[in-house]
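1. Following is a predicted model, sequence given first.
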Amino acid sequence: MVTAPAPPEALHGRHLLSMQQFQRRDLENLFTKAEALRLAAEQGALPLRFAGRVLVSAFFDASTRTRLAHETAMLRLGGAVTGFADPEVTRAGGATQESLYDVFRMLSEYGDVIVVRHPETGVAALAAHAAGDRAAVINAGDGTGEHPTQTLTDLYSVWRRFGKIDGLRIGVVNDLRMRCTRSLLRGLRDYDCTVYAVAAPGKGLDSQLREECAQRGPHLEICEDLREVLPQVDAIYSSPTILDEVSSVRPADGVLRGDTPLTASLLEQYGQPDLAVFHPLPRKGEIDSSLDSTPFNGYWEQAHNGVPIRMALLSVMLGGE
Ligand code: CP
């Protein structure tokens, strides 16, 4: 594990919209805090530091993990939770819908932190503009934009599994247009690691993201076939299949492209024995259930990690330690 980083508190009193807001030391500070909170939870000794504070969920799109992990984190630290998982039951949707600006302006009167998911890119930034300095906004996924708290969960999981991030070789596979992949690559930019990108057909990294990697990192290799990549990597990060259906058509040339289902037999044949597979979930066919009971499975632990890392994030954003 890393040595204690300098105290950054860069997010205190600020909105979290993008992984570009984090320096490496901010991330390692969060990982260290999350470890302490995980231990405190195991000992039944979590500090109730958010008594009297309120988290507002504003979810305009479906979610299981992100909304409930934020809410659980707030509740476990003694805070309260309100909000909606379906805008149709509020004036944020339905026939008498008001503007998004007005919605977030209102929510900033009720809570200390607003967790926002919306199908359109940029709505979290609009929420931050509307909330001003009355409440902190967390981007919980905006269209194909970013999903920074998923990346915090992902990098924390990698850090816990390997005890480091520097030096790792990470394969990113499947639909690389997803917001979780964009945030992940931005989160890795201060680390000395190599990312091998194996996209599903027509679902590769966009040019802006490739340019960002060229400017600051991580080192990026674009690959065609999983069989080139699996023997070389320490970890595989599969993005979910949400924008389109899982392809059932296998290429005639025999190439194993990025949407090839990851099965226990495939990883046993081509992967290193200590290869770890991560996935933000939900999964469709990209992670086969035959992996669930193998040591390759990193995704259940990753899902578990979503609560301690968000407790750490709330602690930094809201203070109260
Ligand atoms: N990983 C993730 O964002 O899951 P949910 O859509 O269930 O929140």
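-> Received, thanks.
2. in the one helix or strand A125 maps to, what's buried?
-> If you go by DSSP states H and E, A125 is part of helix 123-131. Using 16 or more other Cβ atoms under 10 Å as the test for burial, helix 123-131 gives 123-128, 130-131. In this view, the C-beta of every residue, glycine as well, is placed from N, C-alpha and C.
3. now for it, which elements pack on it?
-> Applying 3 or more Cβ pairs under 8 Å, 6 or more residues apart in numbering; DSSP states H and E, one finds that helix 123-131 contacts helix 100-110, strand 113-118, strand 136-142.
4. Could you tell me the angle between that helix and strand 136-142?
-> Between the axes of helix 123-131 and strand 136-142, defined by axes from the mean of the first three to the mean of the last three Cα atoms, to 10 degrees, the angle is 160 degrees.
5. what about whatever residue of the stretch 101-250 of the chain ends up closest to the ligand, neighbour count?
-> Closest to the ligand within the stretch 101-250 of the chain is Q150: 5.2 Å, counting by Cβ to the nearest ligand atom. Neighbour count for Q150, taken as other Cβ atoms under 10 Å: 26.
6. Verify the stated contact: it with H70.
-> No: the criterion here is Cβ atoms under 8 Å, and Q150 misses it with H70 at 11.3 Å.
7. What residues does the residue of the stretch 101-250 of the chain closest to the ligand make contact with?
-> 66, 141, 179-180, 183, 280 (Cβ atoms under 8 Å, 6 or more residues apart in numbering).
8. quick check, it in a helix?
-> Yes: counting by DSSP: H, G, I helix; E, B strand; the rest coil, Q150 is located in a helix.
9. Tell me the predicted confidence for it.
-> What the model reports for Q150 is a pLDDT of 98.
10. With E321 instead?
-> What the model reports for E321 is a pLDDT of 61.
11. Relative to Y237, how far out is the most centrally placed residue in the chain?
-> What sits nearest the mean C-alpha location of the chain, by Cα atoms, centre = their mean, is Q150, with 1.2 Å. Per Cβ to Cβ, to the nearest Å, Q150 is found 11 Å from Y237.
12. How about S290?
-> Applying Cβ to Cβ, the value for S290 to Y237 is 19 Å.
13. Over to T263?
-> To Y237, T263 is 17 Å away according to Cβ to Cβ.
14. For the two, indicate the residue with more neighbours.
-> Taking other Cβ under 10 Å, T263 and Y237 do not tie; Y237 has more neighbours (26 against 16).
15. Return the set of residues that bridge with the more buried one.
-> V172, F278 (DSSP bridges).
16. Mind pulling up the pLDDT for it?
-> So, for Y237, pLDDT stands at 98.
17. low pLDDT regions in this structure?
-> 1-10, 245-252, 320-321 (pLDDT under 70).
18. Would you mind splitting it into its domains for me?
-> Following automatic domain parsing, the chain resolves into domains at 8-147+306-317, 148-302.
19. re earlier: want to try JSON lines for the buried residues of helix 123-131, with distance to the ligand as columns?
-> Listed next are the buried residues of helix 123-131 as JSON lines, based on distance: Cβ to the nearest ligand atom, whole Å:
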{"residue": "V123", "distance to the ligand": "16"}
{"residue": "A124", "distance to the ligand": "14"}
{"residue": "A125", "distance to the ligand": "19"}
{"residue": "L126", "distance to the ligand": "20"}
{"residue": "A127", "distance to the ligand": "17"}
{"residue": "A128", "distance to the ligand": "19"}
{"residue": "A130", "distance to the ligand": "23"}
{"residue": "A131", "distance to the ligand": "21"}
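20. ok, so of those, who is nearest E301?
-> A124 (27.3 Å; Cβ to Cβ).
21. Now that closest one: closest residue in space that isn't a chain neighbour?
-> Of all residues not flanking A124 in the chain, N139 sits nearest, at 3.6 Å (Cβ to Cβ, 6 or more residues apart in numbering).
22. how many neighbours does that neighbour have?
-> 27.
23. circling back: between strand 113-118 and the helix holding A125, find me the angle.
-> Using the same axes, to 10 degrees: helix 123-131 against strand 113-118 is 140 degrees.
24. And the residue nearest to the centre of the chain, how far from R134?
-> Q150 is 26 Å from R134, by Cβ to Cβ.
25. what's the answer for H12, then?
-> Using Cβ to Cβ, H12 is found at 15 Å from R134.
26. Distance to D112 added to the buried residues of helix 123-131, as CSV?
-> As requested, the buried residues of helix 123-131 are exported to CSV (distance: Cβ to Cβ, whole Å):
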residue, distance to D112
V123, 20
A124, 17
A125, 19
L126, 19
A127, 14
A128, 14
A130, 15
A131, 10
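27. related to what we said a few turns ago, filter the contacts of Q150 down to just the buried residues.
-> 66, 141, 179-180, 183, 280.
28. Which pair in these has the greatest spatial separation?
-> T66 and S183 (12.2 Å).
29. Overlap in contacts, the two.
-> 147, 150.
30. quick one: secondary structure of H70?
-> Assignment for H70 (three-state DSSP): helix.
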